[in-house]
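S.K.: Based on what follows, work out the 3D shape:
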Amino acid sequence: YSLIMTINKNKKSFKKIKKNNQKSKENLEDKYWIKVVSPRIFQYKIIGHILMNKDNFEDYRYSNTIIEISLSELINDYYSYHTIIKFKLLLTKLNEFNTVLWGLRTTRDKLFTFLQKPSRSVNCRMSILSKNGSSVKLIFIYIVKKAEGVNKKTFGKNAKIKKLNLILKRLAKIILNKKEIDYIYKVCLSDFFKNKMKRLSKSFVPITNLMISRIKHL
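M.R.: Numbers count the residues shown, from 1 in each chain. Just a heads-up that it's a prediction; the model follows:
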């Protein structure tokens, strides 16, 4: 008798599993995959797919969905893994998400290795306007070399640091202000500011390294 009861229970549980599998298949029939494509600066590379429900198709068209991806995956360069690019999704076609650049950040492990001793790290924050009128916030971090006969705590006078920040802000305004978003990111991802500031600062407070730690759209 107990054996018959267990067999009946197993049959019922099997039927439930079968029904659930049928329901999941029906649910998947209402969904489809949409590919996500990077902007022109990264040569319209396919960076992923999103499983989307047909019923909420229009909701995605106006959503503020942000995704993140490592720069190394976009340019096939392992040494750029620490740079994370943010994209905003724009549903332009039935089977494709286009994306726009929406920010940049640097991983913490890169920041820790960047801040070496003996040195002084300096933050320089500023905002610029893109060509379409949107405001973009930039955060620079640079390392000041310790000069001989200088106090160990300050690594140079604050007046000289302020002068460096002023030069950097003016340079960034000249190069990036009122430019296309793609151009702003292209320059920021290169070594342009690092090489330029090393030459300009050589005479009074030498800069040993410089990077852009964050780009934020306001």
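S.K.: Residue 121 contacts residue 140, correct?
M.R.: No - counting by CB atoms under 8 Å, residue 121 stays clear of residue 140, with 10.7 Å between them. Bear in mind the C-beta positions are built from the backbone N, C-alpha and C, glycine included.
S.K.: So between these two, which is more surrounded?
M.R.: residue 140 (22 against 15; other CB atoms under 10 Å).
S.K.: which residues touch the closest residue to that one other than its chain neighbours?
M.R.: Leaving aside its sequence neighbours, residue 140 sits nearest to residue 124 (CB to CB, 6 or more residues apart in numbering; 4.2 Å). By CB atoms under 8 Å, 6 or more residues apart in numbering, the residues touching residue 124 are 139, 140, 141, 142, 164, 165, 168, 169.
S.K.: what comes up buried for the helix or strand where the fifth one lies?
M.R.: Put plainly, it is residue 164. Residue 164 belongs to helix 158-176 when elements are defined using DSSP states H and E. Within helix 158-176, the residues that count as buried by 16 or more other CB atoms under 10 Å are 160, 161, 164, 165, 168, 169, 172, 175, 176.
S.K.: list the contacts for the second one?
M.R.: Contacts for residue 161 (CB under 8 Å, 6+ apart) come out as 122, 144, 205.
S.K.: now do 6 Å
M.R.: Counting by CB atoms under 6 Å, 6 or more residues apart in numbering, residue 161 touches residue 122.
S.K.: try residue 143
M.R.: Here residue 143 is in contact with 119, 121, 208, 209 (CB under 6 Å, 6+ apart).
S.K.: Report the separation between it and residue 124.
M.R.: 12 Å (CB to CB, to the nearest Å).
S.K.: Quick one: neighbours of the residue nearest to residue 53 when sequence neighbours are not counted, just the number.
M.R.: Of all residues not flanking residue 53 in the chain, residue 31 sits nearest, at 5.3 Å (CB to CB, 6+ apart). Residues lying near residue 31 (other CB under 10 Å) number 12.
S.K.: likewise residue 72?
M.R.: 15.
S.K.: Helix or strand next in line after the helix or strand that contains it, which one?
M.R.: If you go by DSSP H and E, residue 72 is part of helix 71-75. Later in the chain than helix 71-75, the nearest helix or strand by DSSP H and E is strand 83-93.
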